[in-house]
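1. below is the structure, and that's it, no one-letter string:
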């Protein structure tokens, strides 16, 4: 198991409980929803502008999407006059092993 205590946010501080929970969720059940919630978590704040989970996966996986989901605005009769609708997802979600490898890469 990866030691999440080695990870640091943009300020160099340990990850919040929320970030840790989202990372554990994507490790336990890698799917579109959990990946959406975890892909942008900074795992190493000392690398450039911060190394995210998604960037860490892309470092060793040439098949990982380098562009995230896309959305379009659908007009309706709501107070906002519409709502976003996803038109393209991630294409593929990394496996637990790939996510573990990425976290290990990022924190060392």
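-> Thanks, I have the structure now. What you are looking at is a predicted structure, and each value in this text was computed from that prediction instead of being measured. Numbering: from 1, shown residues only.

2. contacting residues for residue 89?
-> By Cβ atoms under 8 Å, 6 or more residues apart in numbering, the contact set of residue 89 is 32, 69. Where you see a C-beta, it was placed from the backbone N, CA and C, and this is true even at glycine.

3. 10 Å - rerun?
-> For residue 89, the contact set (Cβ atoms under 10 Å, 6 or more residues apart in numbering) comprises 32, 35, 36, 65, 68, 69, 70.

4. now residue 16
-> So residue 16 contacts 9, 22, 41 (Cβ under 10 Å, 6+ apart).

5. so which strand or helix has the first one?
-> Looking back up the chat, that one is residue 9. For residue 9, there is no helix or strand it lies in under DSSP states H and E.

6. the second one too?
-> With elements delineated by DSSP H and E, residue 22 resides in helix 17-28, which encompasses its position.
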